[in-house]
Every structure is written in C-alpha cells, then in structure tokens.
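Enquirer: Quick one, fold the following:
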Amino acid sequence: MTDVSRRDVLGWLGGAALGGVLAGVGGVVATARDGFAAKGKPGLKEAPKAPAWVAHPLDAAQCAPVAHAGYWEDGLGCCYGVFHAMIGAMAKKYGAPYDQFPFHMMEVGKSGISEWGTICGALLGAASAYALFWGRKERDPMVTELFRWYEKTALPIYDPGPAGQGAVGPLPTHVSGSVLCHQSVSTWCFATGIDASSPKRGERCARVTADVTVKAIEIMNAKLNGSFAPVLKSKAEAACGECHGKGKVSPILKGRMDCTPCHGGSAHVQDKFRNHP
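Expert: Numbers count the residues shown, from 1 in each chain. Below is the predicted model of the structure:
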C-alpha cells in the first residue's frame, strides 16, 4: 500500500470540498440562469413577475379603529397606526405584496420621528402609504391636501367610545396651524391645560391617528376614482410666497407650511413682522 502524506490527504479533501462547492455554485447559477434570464433570450425562461404595488379603495370607517388601536399596539405610535391601517387593510384583503411589508419599521415616525417632534408621524405614515403607489408628481398634491387639512382642522374628531385607552369620552379639540408634532401637541396641551405626558394626551394622538387615516383614505379613494381636486390653500404660499418664492425679490423660502404659528410675532416666537419690508 502506498503511503499517503498528511499534506496529500488535506490537499485531496480541500480539492474535493472545493469541487463540491463549485458544483453547488454551478447548480445555483444554472437555476438562476434558467429561471431569471433576461427577456428575449432564446432557450431561457422568463423570470416570474412579482405582484405589483397597486392602490385599492379602502373603507375609512373600517380602517379608523384599526389606526387607533395601532397607535397603542406595543407603543408603536402614530406613523405605524396610519400606515398599518391602510396597507394592512390591503394585505388582509389582497395578500401579497402588501402583507410582505415590514410594518414595524414605521415606528420610526413616533413622536415626530424618534421623539424629535418634527413632522407629525400620522402624516408621515399616510404620505409613505401614498409613496408606495404614486411618484412625486402625482403624490405631492395628495400630500399637500392632507397636510393643509391637518393645519386647519380642529382635532381630534374621532371618538372610539369604550375602546379609548388613554381616556373615554369626548376630548377637547384644537387647531394646531402646523403639521409639526411639536407644534400640534404643544398648542393642544396649552389650549386644554392637559399635560403632554398624560394618558389623555396619548389618547388625543391616537384619535388624531384615526382622523388622519380617514382623511388620507378619502383623498386616496378620490384619486382612484378620478374625482380628486385639491382645494385648500396655504397662507404661506398666498402671502410669503409672493415675495419669497423662486425668482422673487427674496428667494429664501423653503417649504409649504403656514408660517404664522412659528413666526406670528408673539412673545414666544420669532416676530416676522418686525422691521419686515
């Protein structure tokens, strides 16, 4: 019997293993080639098409309680509540691809994005839902309509009845004049005398989550049936934009928010009127 050195054995085993790996890779490549080949190539199969992200009409009355409950679900908050109520409803009825979305990621919008008090998370959730189906040109008017409504509407409107988790029964309403979480919550708390850390304030935001869902669905359904026609205007666009828009006397304005809540001239905010030309 011929003596075989340790090096020879290891070399042989390594070669065999490498050959097996290459054979496996070759099989994977062949499978990928056969199943996912470029379109029009002879002798190759078409790749299976993934289900399309297509918007479907929703029943706002059915989605509102889901949004309210979603706000409280594991503390996921307003952004998750709206998005899950809308896309989750499509997932329940139509399955893929809607049921494949990692809904938990929308928690990032809670409290104005990771507690920063910037955009109201409920609005972010709705705008994100729109973005699954429409590009910027079609989506922007929908977002603007929703945001303008939020600025000018006394909220909350929705009343979950006994399903209220932070409070049961009517809550006071207030017009925030702003799409910012910081402004929306703070002015409501100031107007009502309710502390921002109280369960009632949490319930207020849960109900606003339902309100935004209802309005967002109203806009989306109108878009789908061809009746969507934006009607709301912004004081910032109507006034400040006359002088501060692109190509104007002072092109420094960025954004579409109503400027008054943050620059209204009170003792607590910057006075935009002082020494203003």
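Enquirer: Now Ile119: phi and psi?
Expert: Main-chain dihedrals, Ile119, degrees, to the nearest 10: phi -60, psi 140.
Enquirer: Just give the number of residues close to it.
Expert: Close neighbours of Ile119, defined as other CB atoms under 10 Å, add up to 21. (Each C-beta comes from the backbone N, C-alpha and C, glycine too.)
Enquirer: What residues are bridge-paired with it?
Expert: When bridges are called by DSSP bridges, Ile119 pairs up with Leu180.
Enquirer: Thought Gly112 was touching it, still the case?
Expert: Yes - using CB atoms under 8 Å, Ile119 is in contact with Gly112, at 6.3 Å.
Enquirer: Local confidence estimate at Glu242?
Expert: In this model, Glu242 is scored at 69, pLDDT.
Enquirer: Same question for the one 4 residues further on.
Expert: pLDDT, Lys246: 77.
Enquirer: circling back: joint contacts of Ile119 and Gly112?
Expert: Common neighbours of Ile119 and Gly112, counting by CB atoms under 8 Å, 6 or more residues apart in numbering, are Leu180, Cys181.
Enquirer: SS state for the nearest residue to Val179 once chain neighbours are set aside?
Expert: Leaving aside its sequence neighbours, Val179 sits nearest to Phe147 (CB to CB, 6 or more residues apart in numbering; 5.0 Å). Put simply, Phe147 is helix when judged by DSSP: H, G, I helix; E, B strand; the rest coil.
Enquirer: just the one 10 residues further on next, same as before
Expert: Ile157 carries the three-state label coil when classified by three-state DSSP.
Enquirer: Do a quick rundown of the strands in the stretch 151-277 of the chain.
Expert: Ranges of strands within the stretch 151-277 of the chain are 154-155, 174-175, based on DSSP state E, counting those that start in this stretch.
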